[in-house]
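Chemist: predicted model, plus sequence, below.
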Amino acid sequence: MAIDLIQPKQKFILTDISWDAYETIVKVLQNRSVRLTYDRGTLEMIGPPYRHQRYKTLMGSFIKILAEERSIPLINPGSMTFKRQDLERGLEPDECFYIQNASAVMGKAEIDLTRDPPPDLAIEIEIGNTSLNRISIYDALGVPEVWCYDGITLKVYLLAKEERGKLKQRFTFPFLPLPEFMQFVRQAEVVDDTTLFQSFRDWVKKGFR
């Protein structure tokens, strides 16, 4: 199998993969549309399908518009690889954002999770099956909040240790009405991006009305 020939909807699971081998594969595939997940020796490689890429781009764009209109500092590393050798875990979010910690990574050439904070928010599109528990990897890496969308339902995972066992409130954009937000995401089936982004921006400007 040539790892640079992974097609959309294809999935491969490799076991007994060393950390060095994982890092080599990350470098080889860094400019290709392949999503890698590594968990203590097991490597999953997926070629995301069109709908996956569409929702990922759409939700990322909405969050950037929201931050812009509300003058919220934000840094978007996109789908860069986040990994920690000491934990033997790594993955690429579909989208991720530094919000509360934007100033902590401002101007950095590289982000190293052994000394830098993880993203404040990750976006996961769950179109198709994944064999590894990506939420547990986010948890291990210290990402406090993950929004997961499967094409129908949005699930919000609050992973910060101090919030477990309590009534929880979202850390990022707590003022955002998620049911209405998701209505815009679902309109992607029938509305082009330009029209959708303009409508979303108007909605934010009007105070979500």
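Modeler: That came through, no problem.
Chemist: and the nearest residue to K56 once chain neighbours are set aside, how many neighbours does it have?
Modeler: Counting by CB to CB, 6 or more residues apart in numbering, D94 is the residue found nearest to K56 once chain neighbours are left out, at 4.1 Å. C-beta: built from backbone N, CA, C; applies to glycine. For D94, the tally of surrounding residues (other CB atoms under 10 Å) stands at 26.
Chemist: which residues are in contact with D94?
Modeler: If you count contacts by CB atoms under 8 Å, 6 or more residues apart in numbering, D94 has them with 35, 48, 52, 56, 60, 79, 122-125.
Chemist: how does it look with 7 Å?
Modeler: 56, 79, 123-125 (CB atoms under 7 Å, 6 or more residues apart in numbering).
Chemist: what about the nearest residue to N129 once chain neighbours are set aside, distance to P49?
Modeler: The shortest distance from N129 to any residue other than its chain neighbours is 7.4 Å, reached at K11 (CB to CB, 6+ apart). When CB to CB, to the nearest Å is applied, the distance between K11 and P49 equals 11 Å.
Chemist: still on that earlier bit, dump the contacts of D94 into CSV; add neighbour count and pLDDT as well.
Modeler: As requested, the contacts of D94 are arranged in CSV below (neighbours: other CB atoms under 10 Å; pLDDT from 0 to 100):
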residue, neighbour count, pLDDT
K56, 22, 95
S79, 17, 91
I123, 22, 97
E124, 22, 96
I125, 25, 95
